[in-house]
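[1] just need the structure, nothing else, for what follows:
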Amino acid sequence: MIPEQDNYQLGGPMRRRRNEEEKPDRFLKLRNILNTVFIVGAIVGVLVFIYKGEQLGTIIILCSMMFKIVECVFRFMK
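    Got it, this is the predicted structure:
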């Protein structure tokens, strides 16, 4: 037996896990809604940017980014 293998179990080193019983994310539904609004807004903004006008498309994309920023705030509040 190789001495280096003493610290290993079958398949690799032992790893510590964070809190096994993590709290459920109380903002998960709200975050999913905000992400959906962001994705739809970004797609619409890109389409408007390409086909209608750069300025209006940019405004739509920036507005949809605000939803993503709010979602990130909720993620950090977890």
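
[2] all helices for this protein, in order.
    Taking DSSP state H as the criterion, the chain carries its helices at 28-51, 54-76.

[3] as TSV, the ones you listed with mean neighbour count would be great.
    Any C-beta I mention is one placed from the backbone N, CA and C, and that applies to glycine too. Compiled in TSV, those are given as follows (neighbours: other Cβ atoms under 10 Å):
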stretch	mean neighbour count
helix 28-51	14
helix 54-76	14
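
[4] now tabulate those in JSON lines and tack on mean pLDDT.
    Listed next are the helices of the chain as JSON lines, based on pLDDT from 0 to 100:
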{"stretch": "helix 28-51", "mean pLDDT": "96"}
{"stretch": "helix 54-76", "mean pLDDT": "95"}
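
[5] so what's residue 77 scoring on pLDDT?
    Looking at residue 77, its pLDDT is 85.

[6] which residues sit in contact with the closest residue to residue 47 other than its chain neighbours?
    Of all residues not flanking residue 47 in the chain, residue 57 sits nearest, at 7.7 Å (Cβ to Cβ, 6 or more residues apart in numbering). Contact partners of residue 57, counting by Cβ atoms under 8 Å, 6 or more residues apart in numbering, are 45-50.

[7] check residue 36 too.
    No contacts exist for residue 36 under Cβ under 8 Å, 6+ apart.

[8] so how many other residues sit close to residue 77?
    For residue 77, the count of nearby residues is 9 (other Cβ atoms under 10 Å).

[9] does it really touch residue 27, like I thought?
    Yes. Taking Cβ atoms under 8 Å as the definition, residue 77 is a contact partner of residue 27 at 6.8 Å.
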